[in-house]
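[1] this is a predicted model, with the sequence first.
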Amino acid sequence: VVDADALIERLVSDSRALPRLATLVENDDPRGLDLLDVLYPRTGQAHIVGVTGPPGSGKSTLIAALLKGLRETGRRVAVLAIDPSSPLTGGAVLGDRIRMMERHADAGVFVRSMASRGRKGGLAWATAALVHVLDAAGYPLILIETVGTGQDGTDIAALADTVVVLEAPGLGDGVQAIKSGLLEVGDIVVVNKADQPGADDALRLLRAAFALAHPADGRVVPIVATTAATGEGVAALVAAIDEHAAWLDHDGRRIHRREHAARTEILTGLRTVFDGRVDRQTGQFEHLTTIISRVASRELSPRRAVASLLDRLAGS
Ligand SMILES: Nc1nc2c(ncn2[C@@H]2O[C@H](COP(=O)(O)OP(=O)(O)O)[C@@H](O)[C@H]2O)c(=O)[nH]1
Ligand SMILES: [Mg+2]
(Lines give C-alpha, C1' and ligand atoms only; values in the text may rest on other atoms or scores of the structure.)
(Ligands and ions follow the chains in the order given, each with its own letter.)
Protein backbone atom coordinates (compact mmCIF):
# COMPACT_ATOMS: atom_id res chain seq x y z
CA VAL A 1 0.00 0.00 0.00
CA VAL A 2 1.41 3.38 -1.03
CA ASP A 3 1.16 6.20 1.47
CA ALA A 4 -0.22 9.51 0.17
CA ASP A 5 2.19 11.59 2.25
CA ALA A 6 5.22 9.74 0.94
CA LEU A 7 3.93 9.99 -2.62
CA ILE A 8 3.32 13.74 -2.40
CA GLU A 9 6.72 14.21 -0.77
CA ARG A 10 8.34 12.44 -3.73
CA LEU A 11 6.35 14.54 -6.25
CA VAL A 12 7.60 17.69 -4.56
CA SER A 13 11.23 16.70 -3.98
CA ASP A 14 12.07 14.68 -7.10
CA SER A 15 11.73 16.73 -10.27
CA ARG A 16 11.39 13.59 -12.40
CA ALA A 17 8.57 12.08 -10.34
CA LEU A 18 5.81 14.43 -11.52
CA PRO A 19 6.42 14.13 -15.28
CA ARG A 20 6.75 10.37 -14.87
CA LEU A 21 3.43 10.06 -13.03
CA ALA A 22 1.80 12.40 -15.57
CA THR A 23 2.95 10.14 -18.40
CA LEU A 24 1.61 7.01 -16.69
CA VAL A 25 -1.75 8.69 -16.09
CA GLU A 26 -1.93 10.14 -19.59
CA ASN A 27 -1.30 6.66 -21.04
CA ASP A 28 -4.01 5.12 -18.86
CA ASP A 29 -1.35 2.96 -17.21
CA PRO A 30 -2.95 1.16 -14.23
CA ARG A 31 0.17 1.87 -12.10
CA GLY A 32 -0.41 5.60 -12.54
CA LEU A 33 -4.16 5.36 -12.07
CA ASP A 34 -3.68 3.41 -8.81
CA LEU A 35 -1.39 6.16 -7.51
CA LEU A 36 -3.95 8.76 -8.56
CA ASP A 37 -6.58 6.93 -6.48
CA VAL A 38 -4.30 7.32 -3.45
CA LEU A 39 -3.71 11.01 -4.23
CA TYR A 40 -7.27 12.00 -5.08
CA PRO A 41 -8.45 12.69 -1.49
CA ARG A 42 -5.62 15.24 -1.25
CA THR A 43 -6.72 17.18 -4.33
CA GLY A 44 -9.18 20.06 -4.55
CA GLN A 45 -6.74 22.67 -3.23
CA ALA A 46 -5.74 24.15 -6.58
CA HIS A 47 -7.58 26.90 -8.40
CA ILE A 48 -8.13 25.70 -11.96
CA VAL A 49 -8.28 28.26 -14.74
CA GLY A 50 -9.32 27.33 -18.27
CA VAL A 51 -8.00 29.65 -20.99
CA THR A 52 -10.09 29.12 -24.05
CA GLY A 53 -10.60 30.82 -27.40
CA PRO A 54 -10.19 30.29 -31.12
CA PRO A 55 -6.84 29.21 -32.60
CA GLY A 56 -4.60 32.22 -33.11
CA SER A 57 -6.31 34.39 -30.49
CA GLY A 58 -3.12 34.32 -28.43
CA LYS A 59 -3.84 31.76 -25.68
CA SER A 60 -0.28 30.39 -25.57
CA THR A 61 1.25 33.87 -25.68
CA LEU A 62 -1.07 35.08 -22.94
CA ILE A 63 -0.31 32.06 -20.73
CA ALA A 64 3.42 32.70 -21.16
CA ALA A 65 2.82 36.34 -20.13
CA LEU A 66 0.68 35.19 -17.18
CA LEU A 67 3.44 32.81 -16.08
CA LYS A 68 5.97 35.62 -16.17
CA GLY A 69 3.71 37.92 -14.13
CA LEU A 70 2.79 35.22 -11.60
CA ARG A 71 6.37 34.05 -11.13
CA GLU A 72 7.50 37.61 -10.50
CA THR A 73 5.15 37.68 -7.53
CA GLY A 74 6.44 34.26 -6.42
CA ARG A 75 3.33 32.23 -7.22
CA ARG A 76 3.77 28.62 -8.35
CA VAL A 77 1.88 27.65 -11.49
CA ALA A 78 1.28 24.53 -13.53
CA VAL A 79 0.15 24.69 -17.15
CA LEU A 80 -1.57 22.03 -19.19
CA ALA A 81 -1.76 22.85 -22.88
CA ILE A 82 -4.12 20.80 -24.98
CA ASP A 83 -2.33 21.20 -28.26
CA PRO A 84 -4.54 20.78 -31.30
CA SER A 85 -1.33 20.23 -33.30
CA SER A 86 -2.73 22.29 -36.12
CA PRO A 87 -0.19 23.64 -38.57
CA LEU A 88 -2.89 25.93 -40.02
CA THR A 89 -3.33 28.41 -37.20
CA GLY A 90 0.24 29.65 -37.05
CA GLY A 91 -0.03 29.21 -33.31
CA ALA A 92 3.19 28.15 -31.69
CA VAL A 93 3.24 25.20 -29.33
CA LEU A 94 3.18 26.54 -25.80
CA GLY A 95 6.30 24.57 -24.87
CA ASP A 96 8.27 26.53 -27.47
CA ARG A 97 7.18 29.81 -25.98
CA ILE A 98 8.11 28.69 -22.50
CA ARG A 99 11.50 27.52 -23.74
CA MET A 100 11.94 30.88 -25.38
CA MET A 101 11.47 32.42 -21.97
CA GLU A 102 14.01 29.99 -20.53
CA ARG A 103 11.80 29.09 -17.65
CA HIS A 104 12.43 25.37 -17.82
CA ALA A 105 14.86 25.54 -14.89
CA ASP A 106 12.25 27.19 -12.67
CA ALA A 107 10.88 24.66 -10.15
CA GLY A 108 7.87 26.90 -9.51
CA VAL A 109 6.55 26.25 -13.01
CA PHE A 110 5.41 23.00 -14.53
CA VAL A 111 4.33 22.94 -18.16
CA ARG A 112 2.96 20.00 -20.04
CA SER A 113 1.55 19.77 -23.56
CA MET A 114 -0.88 17.09 -24.49
CA ALA A 115 -1.47 16.30 -28.14
CA SER A 116 -5.11 15.96 -29.10
CA ARG A 117 -4.40 14.77 -32.62
CA GLY A 118 -4.53 11.03 -33.02
CA ARG A 119 -6.33 10.63 -29.74
CA LYS A 120 -9.62 8.83 -30.11
CA GLY A 121 -11.92 10.67 -27.72
CA GLY A 122 -11.34 10.73 -24.02
CA LEU A 123 -9.43 13.99 -24.10
CA ALA A 124 -11.43 15.58 -21.29
CA TRP A 125 -11.13 12.41 -19.22
CA ALA A 126 -7.33 12.33 -19.59
CA THR A 127 -7.08 16.09 -18.97
CA ALA A 128 -9.02 15.80 -15.72
CA ALA A 129 -6.69 13.05 -14.49
CA LEU A 130 -3.63 15.20 -15.23
CA VAL A 131 -5.20 18.15 -13.44
CA HIS A 132 -5.65 15.98 -10.33
CA VAL A 133 -1.98 14.96 -10.49
CA LEU A 134 -0.85 18.62 -10.67
CA ASP A 135 -3.26 19.51 -7.87
CA ALA A 136 -1.89 16.74 -5.65
CA ALA A 137 1.65 17.88 -6.43
CA GLY A 138 0.75 21.14 -4.70
CA TYR A 139 0.45 23.66 -7.52
CA PRO A 140 -2.00 26.25 -6.17
CA LEU A 141 -2.84 27.51 -9.65
CA ILE A 142 -3.36 25.34 -12.73
CA LEU A 143 -3.88 26.88 -16.16
CA ILE A 144 -5.39 24.80 -18.96
CA GLU A 145 -5.07 26.01 -22.54
CA THR A 146 -7.85 24.62 -24.69
CA VAL A 147 -9.70 25.52 -27.88
CA GLY A 148 -12.92 25.18 -25.92
CA THR A 149 -15.28 24.17 -28.71
CA GLY A 150 -16.74 20.78 -29.51
CA GLN A 151 -17.74 18.22 -26.89
CA ASP A 152 -14.16 17.71 -25.64
CA GLY A 153 -13.57 21.46 -25.38
CA THR A 154 -16.78 22.04 -23.46
CA ASP A 155 -16.02 19.14 -21.13
CA ILE A 156 -12.51 20.47 -20.47
CA ALA A 157 -13.86 23.98 -19.76
CA ALA A 158 -16.25 22.39 -17.24
CA LEU A 159 -13.24 21.21 -15.19
CA ALA A 160 -12.17 24.79 -14.53
CA ASP A 161 -13.13 26.94 -11.55
CA THR A 162 -12.61 30.04 -13.69
CA VAL A 163 -13.06 30.10 -17.45
CA VAL A 164 -11.24 32.87 -19.33
CA VAL A 165 -12.57 33.33 -22.87
CA LEU A 166 -10.22 34.96 -25.35
CA GLU A 167 -11.21 37.09 -28.28
CA ALA A 168 -8.88 38.85 -30.70
CA PRO A 169 -9.33 41.13 -33.69
CA GLY A 170 -8.44 39.88 -37.14
CA LEU A 171 -9.67 36.31 -36.83
CA GLY A 172 -12.71 36.78 -39.05
CA ASP A 173 -15.92 38.73 -39.25
CA GLY A 174 -17.70 39.65 -36.06
CA VAL A 175 -16.82 38.58 -32.58
CA GLN A 176 -15.71 34.94 -32.71
CA ALA A 177 -16.49 34.27 -29.07
CA ILE A 178 -20.10 35.37 -29.58
CA LYS A 179 -20.47 33.26 -32.70
CA SER A 180 -19.03 30.12 -31.16
CA GLY A 181 -21.17 30.38 -28.03
CA LEU A 182 -18.03 30.48 -25.89
CA LEU A 183 -19.14 33.64 -24.13
CA GLU A 184 -21.79 31.72 -22.25
CA VAL A 185 -19.15 29.71 -20.41
CA GLY A 186 -16.83 32.65 -19.73
CA ASP A 187 -16.30 34.01 -16.21
CA ILE A 188 -13.83 36.54 -17.59
CA VAL A 189 -13.63 37.81 -21.16
CA VAL A 190 -10.32 38.95 -22.62
CA VAL A 191 -9.85 40.95 -25.80
CA ASN A 192 -6.25 40.12 -26.65
CA LYS A 193 -4.11 41.84 -29.31
CA ALA A 194 -5.28 45.19 -28.00
CA ASP A 195 -2.44 46.65 -30.07
CA GLN A 196 -4.14 45.57 -33.30
CA PRO A 197 -6.77 47.45 -35.32
CA GLY A 198 -10.27 46.24 -34.53
CA ALA A 199 -9.61 45.62 -30.83
CA ASP A 200 -11.66 48.66 -29.81
CA ASP A 201 -14.58 47.50 -31.96
CA ALA A 202 -14.45 44.05 -30.37
CA LEU A 203 -14.40 45.61 -26.89
CA ARG A 204 -17.37 47.81 -27.72
CA LEU A 205 -19.37 44.90 -29.17
CA LEU A 206 -18.66 42.70 -26.17
CA ARG A 207 -19.56 45.42 -23.68
CA ALA A 208 -22.82 45.94 -25.54
CA ALA A 209 -23.53 42.20 -25.58
CA PHE A 210 -23.00 41.98 -21.81
CA ALA A 211 -24.98 45.13 -21.09
CA LEU A 212 -28.01 43.34 -22.51
CA ALA A 213 -27.40 40.12 -20.63
CA HIS A 214 -28.79 39.61 -17.16
CA PRO A 215 -26.72 36.93 -15.50
CA ALA A 216 -28.75 34.71 -13.20
CA ASP A 217 -26.08 34.86 -10.48
CA GLY A 218 -25.92 38.68 -10.57
CA ARG A 219 -22.19 38.71 -11.26
CA VAL A 220 -20.91 41.14 -13.87
CA VAL A 221 -18.44 39.44 -16.24
CA PRO A 222 -15.31 41.60 -16.46
CA ILE A 223 -13.94 42.39 -19.92
CA VAL A 224 -10.17 42.84 -19.90
CA ALA A 225 -8.02 44.16 -22.77
CA THR A 226 -4.56 42.61 -23.08
CA THR A 227 -1.56 42.70 -25.36
CA ALA A 228 -0.07 39.34 -24.52
CA ALA A 229 2.92 40.05 -26.70
CA THR A 230 4.05 42.88 -24.39
CA GLY A 231 2.36 41.90 -21.13
CA GLU A 232 0.08 44.95 -21.19
CA GLY A 233 -3.13 44.25 -19.24
CA VAL A 234 -1.87 40.97 -17.79
CA ALA A 235 -1.83 42.34 -14.22
CA ALA A 236 -5.49 43.31 -14.63
CA LEU A 237 -6.25 39.78 -15.81
CA VAL A 238 -4.51 38.26 -12.77
CA ALA A 239 -6.58 40.58 -10.57
CA ALA A 240 -9.78 39.49 -12.34
CA ILE A 241 -8.89 35.79 -11.85
CA ASP A 242 -8.18 36.36 -8.13
CA GLU A 243 -11.42 38.28 -7.79
CA HIS A 244 -13.40 35.44 -9.35
CA ALA A 245 -11.65 32.93 -7.09
CA ALA A 246 -12.66 35.01 -4.05
CA TRP A 247 -16.23 35.31 -5.38
CA LEU A 248 -16.44 31.52 -5.70
CA ASP A 249 -15.62 31.16 -2.01
CA HIS A 250 -18.98 32.60 -1.00
CA ASP A 251 -22.46 31.11 -0.80
CA GLY A 252 -21.28 27.61 -1.70
CA ARG A 253 -20.47 28.61 -5.27
CA ARG A 254 -17.21 26.69 -5.41
CA ILE A 255 -18.90 23.52 -4.15
CA HIS A 256 -21.61 23.94 -6.76
CA ARG A 257 -18.94 24.42 -9.44
CA ARG A 258 -16.99 21.37 -8.28
CA GLU A 259 -20.14 19.26 -8.38
CA HIS A 260 -20.66 20.33 -11.98
CA ALA A 261 -17.02 19.43 -12.72
CA ALA A 262 -17.32 16.05 -11.01
CA ARG A 263 -20.53 15.30 -12.87
CA THR A 264 -18.88 16.15 -16.22
CA GLU A 265 -15.81 14.11 -15.34
CA ILE A 266 -17.84 11.06 -14.35
CA LEU A 267 -19.96 11.21 -17.50
CA THR A 268 -16.98 11.74 -19.83
CA GLY A 269 -15.23 8.88 -18.04
CA LEU A 270 -18.20 6.60 -18.49
CA ARG A 271 -18.35 7.41 -22.20
CA THR A 272 -14.60 7.01 -22.64
CA VAL A 273 -14.44 3.66 -20.88
CA PHE A 274 -17.56 2.43 -22.65
CA ASP A 275 -16.31 3.49 -26.10
CA GLY A 276 -13.00 1.77 -25.42
CA ARG A 277 -14.79 -1.40 -24.42
CA VAL A 278 -16.98 -1.35 -27.51
CA ASP A 279 -13.91 -0.86 -29.72
CA ARG A 280 -11.96 -3.65 -28.05
CA GLN A 281 -14.74 -6.17 -27.68
CA THR A 282 -16.71 -5.88 -30.89
CA GLY A 283 -13.59 -7.19 -32.60
CA GLN A 284 -13.92 -10.31 -30.50
CA PHE A 285 -17.58 -10.97 -31.22
CA GLU A 286 -17.22 -13.97 -33.51
CA HIS A 287 -20.88 -13.70 -34.35
CA LEU A 288 -20.64 -9.99 -35.28
CA THR A 289 -20.27 -10.79 -39.00
CA THR A 290 -23.38 -12.95 -38.77
CA ILE A 291 -25.30 -10.14 -37.07
CA ILE A 292 -24.11 -7.64 -39.68
CA SER A 293 -25.34 -9.76 -42.59
CA ARG A 294 -28.64 -10.44 -40.82
CA VAL A 295 -29.16 -6.67 -40.36
CA ALA A 296 -28.13 -5.96 -43.98
CA SER A 297 -30.56 -8.60 -45.28
CA ARG A 298 -33.36 -7.15 -43.10
CA GLU A 299 -33.70 -10.32 -41.08
CA LEU A 300 -32.79 -8.48 -37.85
CA SER A 301 -33.48 -4.85 -36.96
CA PRO A 302 -30.50 -2.64 -36.03
CA ARG A 303 -32.14 -1.96 -32.67
CA ARG A 304 -32.38 -5.68 -31.86
CA ALA A 305 -28.81 -6.18 -33.03
CA VAL A 306 -27.53 -3.48 -30.68
CA ALA A 307 -29.58 -4.86 -27.79
CA SER A 308 -28.09 -8.30 -28.27
CA LEU A 309 -24.52 -6.92 -28.53
CA LEU A 310 -25.09 -4.83 -25.40
CA ASP A 311 -26.14 -7.95 -23.52
CA ARG A 312 -22.86 -9.60 -24.44
CA LEU A 313 -20.88 -6.48 -23.54
CA ALA A 314 -22.49 -6.36 -20.11
CA GLY A 315 -21.92 -10.10 -19.61
CA SER A 316 -18.23 -9.98 -20.49
N1 LIG B 1 0.06 41.81 -32.26
C2 LIG B 1 -0.12 40.86 -31.35
N3 LIG B 1 0.09 39.58 -31.67
C4 LIG B 1 -0.12 38.64 -30.72
C5 LIG B 1 -0.55 38.97 -29.42
N6 LIG B 1 -0.68 37.82 -28.72
C7 LIG B 1 -0.36 36.82 -29.56
N8 LIG B 1 -0.01 37.31 -30.77
C9 LIG B 1 0.41 36.53 -31.95
O10 LIG B 1 -0.70 35.79 -32.44
C11 LIG B 1 -0.27 34.53 -32.96
C12 LIG B 1 -1.02 33.38 -32.30
O13 LIG B 1 -0.68 33.35 -30.94
P14 LIG B 1 -0.78 32.03 -30.06
O15 LIG B 1 -0.44 32.40 -28.66
O16 LIG B 1 0.03 30.93 -30.65
O17 LIG B 1 -2.35 31.71 -30.21
P18 LIG B 1 -3.19 30.41 -29.74
O19 LIG B 1 -3.41 29.59 -30.96
O20 LIG B 1 -4.50 30.97 -29.26
O21 LIG B 1 -2.42 29.72 -28.67
C22 LIG B 1 1.23 34.46 -32.73
O23 LIG B 1 1.88 34.84 -33.91
C24 LIG B 1 1.46 35.50 -31.63
O25 LIG B 1 2.75 36.04 -31.67
C26 LIG B 1 -0.76 40.36 -29.10
O27 LIG B 1 -1.13 40.73 -27.99
N28 LIG B 1 -0.54 41.25 -30.10
MG1 LIG C 1 -1.74 27.74 -28.45
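    Yep, it's here. Ligands and ions are numbered 1, 2, ... in the order given.
[2] mind listing what the residue lying closest to Thr264 once chain neighbours are set aside touches?
    Nearest residue to Thr264, sequence neighbours excluded (Cβ to Cβ, 6 or more residues apart in numbering): Ala158, at 4.0 Å. Every residue, glycine included, has its C-beta placed from N, CA and C. The neighbours of Ala158, taking Cβ atoms under 8 Å, 6 or more residues apart in numbering as the test, are Ala124, His260, Ala261, Thr264.
[3] can you do 10 Å?
    50, 124, 128, 185, 257, 260-265, 267-268 (Cβ atoms under 10 Å, 6 or more residues apart in numbering).
[4] check Arg204 too.
    Contact analysis of Arg204 by Cβ under 10 Å, 6+ apart lists Val175, Val191.
[5] could you redo the last one with a cut-off of 6 Å?
    Contact analysis of Arg204 by Cβ atoms under 6 Å, 6 or more residues apart in numbering lists nothing.
[6] how about the helices of the protein, start to end?
    Secondary structure of the chain by DSSP state H: the helices cover 4-13, 17-26, 30-39, 59-72, 94-100, 123-136, 150-157, 176-180, 199-212, 234-248, 253-282, 288-296, 302-315.
[7] thinking again about what came up before, out of the contacts of Ala158, flag the one nearest to ligand 1.
    Gly50 (13.0 Å; Cβ to the nearest ligand atom).
[8] ok, now how distant is the closest one from Ala314?
    Going from Gly50 to Ala314 by Cβ to Cβ, to the nearest Å gives 35 Å.
[9] between those two, point out the one with more neighbours.
    Ranked by neighbour count (other Cβ atoms under 10 Å), Gly50 and Ala314 place Gly50 first, with 27 against 7.
[10] that one - nearest residue in space that isn't next to it in sequence?
    Using Cβ to Cβ, 6+ apart and skipping residues adjacent in sequence, the residue nearest Gly50 is Ala160, 3.3 Å away.
[11] cool, and Gly148?
    Nearest non-adjacent residue to Gly148, counting by Cβ to Cβ, 6+ apart: Thr52, 3.0 Å away.
[12] I'd say that neighbour and Glu145 touch.
    No - the pair Thr52 / Glu145 is not scored as a contact, 7.9 Å apart, by Cβ atoms under 6 Å.
[13] neighbours of the residue in the stretch 1-150 of the chain that ligand 2 sits nearest to, how many?
    Closest to ligand 2 within the stretch 1-150 of the chain is Ser60: 3.4 Å, counting by Cβ to the ion. For Ser60, the neighbour count with other Cβ under 10 Å is 24.
[14] look at it and report its pLDDT.
    We have a pLDDT of 91 for Ser60.
[15] could you check how far it is from Arg303?
    In this structure, Ser60 and Arg303 are 46 Å apart, going by Cβ to Cβ.
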